[in-house]
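*Asks:* After the sequence you'll find the predicted model.
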Amino acid sequence: MAKIDLLPKYTVKVEGGSGCIFQPIDDNYSYVLTAKHVVSGNDTPSIIRQTLDENYNLINESIELIGTPFLHTDTNKDAAIIKIKKVEDIESLIRDDLKSEDTTGYYLCGHPDSRRDNAYSFRPNKLTIKNPKQFGYREAELERVANKSEIIGQSGGGIIKIENSCFLLSGIQKQMTVPDAKESLGNIDFMPLSFFDEIINENEAELSALFPPYIGSFEKLLNDIFTLPNLEFKRELIQTELKKIAKELCNDFSPKAILDIFKDEFLVNGTEKTINNHKQLWSSFLELLTYNQLHSDKKLTIDCLKELHKKRKLFIVDTDRWTKKINEIYSSNLSDIEIGGSIVICATNEKITSRVEYTKEELKLIIPDISNPIDSKNISNTVKNPFEDLRLINIFKFQDSIINNILKYKEINAINSIETIKINTDGIL
């Protein structure tokens, strides 16, 4: 299924307008983000999600509300949040705070009036994000000019960008920029997610932040780590022991707390800041934390991270093959990693990789192809040559070492499991 075919699952009809389904940090419920004028004066708006199954049969799903809509108190901000019963499988839609220079490739998603007479009324309009406006709104230009009668009904619809491994939500549509009689550009105005953050801040007791649940707790990722693909022998025992360590770490670490300290430090050069919220970053981070704890004699806390980064630090790159991004990796900020340490890479769209490490000899062959200059400020003062002094590893190397050396685990059991894994993975990362 093409990525564009998945846009309807995030889009709903809200009475005479549209809305966007989004998963906040509290996974006991979900949200519909919409425009205030769509629900103003209606405490129980009808919300319908239209999707097509694998045989292209239409599914109309009625969404259950929790309480009444939360409206922005500023009369100049047309934002509203509707709390709804938990909707599954929507965490791949993550927030986009419009920090990227690339403003193309977005879609206005909604159910325009012009299609309401059809059984299936969803429509995506491709657009490019333009200039900021008064009160914090943004203007966007539709790829194909449309007049007001063609856009009515899409108020409250999401402005969504399709990425390789996720979808980015940048805001919610408000209205046409100007009436048809004054312009024929077909531009629209939309609200950035900061408008909805403000509603949440005003209602902290009832609403939670616009981040995926795993940003608040690593525990939400326990089922995503150490999958050990295609391993049949001793797989469950090894997984159990590793996840036991990971679960204990969840008490002292959370992605949110780590982001508060390190901000964008885990992004390979040129990677969108939005990728900070990507599930692959944080499931990989939990695996690396688990490896660090397995090979540490003391209990790790968040205060240990800066010291841990001297030996091995994780970076994420937005690609389906990490080996395509060597240029970007070596032009990233590697200053935390000291001589002998490891640059550990994960990729947004690559859980299993055919290459888990570059040897020093291989890196020597790559050096002539490195076109990005390496800034001395981006490497530790203990490092003279990052190609020789630092290892370049994919996070999957840890699992790969277990899978390809499983005969070393033939005597593993519930009593010796931790020690066996520790001995056989020492120095892998």
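*Replies:* Cool, got the structure.
*Asks:* could you pull out the helices for the stretch 51-200 of the chain?
*Replies:* Residue ranges of the helices in the stretch 51-200 of the chain, as given by DSSP state H, counting those that start in this stretch, are 148-151, 194-202.
*Asks:* Now tabulate these in a markdown table and tack on mean pLDDT.
*Replies:* Converted to a markdown table, the helices of the stretch 51-200 of the chain look like this (pLDDT from 0 to 100):
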| stretch | mean pLDDT |
| --- | --- |
| helix 148-151 | 70 |
| helix 194-202 | 97 |
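*Asks:* nearest to Gly186, of those helices?
*Replies:* helix 148-151 (7.7 Å; Cβ to Cβ). C-beta: built from backbone N, CA, C; applies to glycine.
*Asks:* could you pull out the helices for the stretch 201-350 of the chain?
*Replies:* Along the stretch 201-350 of the chain, counting by DSSP H, counting those that start in this stretch, helices occupy 213-216, 235-249, 255-262, 279-294, 305-308, 326-330.
*Asks:* okay if I get the helices of the stretch 51-200 of the chain as CSV plus distance to Lys351 and mean neighbour count?
*Replies:* Below are those laid out as CSV (distance: least, Cβ to Cβ, whole Å; neighbours: other Cβ atoms under 10 Å):
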stretch, distance to Lys351, mean neighbour count
helix 148-151, 39, 17
helix 194-202, 31, 18
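*Asks:* Kindly reformat the ones you listed as TSV and extend each row with distance to Ile59.
*Replies:* Shown next, in TSV, are those (distance: least, Cβ to Cβ, whole Å):
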stretch	distance to Ile59
helix 148-151	25
helix 194-202	27
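*Asks:* circling back: looking at the helices of the stretch 201-350 of the chain, which is closest to Asn405?
*Replies:* Closest to Asn405 of those, according to Cβ to Cβ: helix 235-249, at 11.6 Å.
*Asks:* Report the mean per-residue pLDDT for that closest one.
*Replies:* Across helix 235-249, pLDDT averages out at 97.
*Asks:* Can you name the residues in contact with it?
*Replies:* 218-219, 222, 225-226, 228, 231, 286-287, 289-290, 293-294, 300, 402, 409, 412-414, 417-418, 421 (Cβ atoms under 8 Å, 6 or more residues apart in numbering).
*Asks:* ok, now stretch 399-406?
*Replies:* So stretch 399-406 is in contact with 226-231, 233-234, 238, 287, 356, 409, 421, 424-425, 428, going by Cβ under 8 Å, 6+ apart.
*Asks:* Which members of those residues are classed as buried?
*Replies:* Burial by neighbour count, 16 or more other Cβ atoms under 10 Å: within the contacts of stretch 399-406 this picks out Phe226, Thr227, Leu228, Leu231, Lys234, Ile238, Glu287, Val356, Tyr409, Ile421, Thr425, Ile428.
*Asks:* ok, those vs Val12, which is closest?
*Replies:* Among those, and counting by Cβ to Cβ, the member closest to Val12 is Thr227, at 32.7 Å.
*Asks:* wait, the closest one sits on Glu287?
*Replies:* No: counting by Cβ atoms under 8 Å, Thr227 does not reach Glu287; the two are 10.0 Å apart.
*Asks:* Glu338 versus Phe122, what's the distance?
*Replies:* Counting by Cβ to Cβ, to the nearest Å, the gap from Phe122 to Glu338 is 53 Å.
*Asks:* That should have said Asn125, apologies.
*Replies:* Distance from Asn125 to Glu338, by Cβ to Cβ: 51 Å.
*Asks:* what does Asn349 give?
*Replies:* Counting by Cβ to Cβ, the gap from Asn349 to Glu338 is 30 Å.
*Asks:* and what of Ser121?
*Replies:* Distance of Ser121 to Glu338, computed by Cβ to Cβ: 58 Å.
*Asks:* more neighbours, those two?
*Replies:* Neighbours were counted for Ser121 and for Glu338 using other Cβ atoms under 10 Å; Ser121 has more, 19 against 16.
*Asks:* show me what contacts the nearest residue to the more buried one once chain neighbours are set aside?
*Replies:* With sequence-adjacent residues excluded and distances taken as Cβ to Cβ, 6 or more residues apart in numbering, Ser121 is closest to Arg115, at 4.0 Å. The contact partners of Arg115, taken as Cβ under 8 Å, 6+ apart, are Ser121, Phe122, Arg123, Gly153.
*Asks:* now Tyr10
*Replies:* So Tyr10 contacts Cys20, Ile21, Phe22, Ile90, Leu93, Cys109, Gly158, Ile160, Phe167, Leu169 (Cβ under 8 Å, 6+ apart).
*Asks:* now do Ile329
*Replies:* Counted by Cβ under 8 Å, 6+ apart, Ile329 has contacts Val268, Asn269, Phe315, Val317, Ile343, Ile345, Leu392.
*Asks:* Doesn't the last one belong to a strand?
*Replies:* In other words, Leu392. Yes: the assignment for Leu392 is a strand, going by DSSP: H, G, I helix; E, B strand; the rest coil.
*Asks:* Run through the bridge partners of it.
*Replies:* Taking DSSP bridges as the rule, Leu392 bridges to Ile343, Tyr358.
*Asks:* Surely it and Tyr358 touch.
*Replies:* Yes: counting by Cβ under 8 Å, Leu392 does reach Tyr358; the two are 4.6 Å apart.
*Asks:* Having no further points to raise, I will conclude here.
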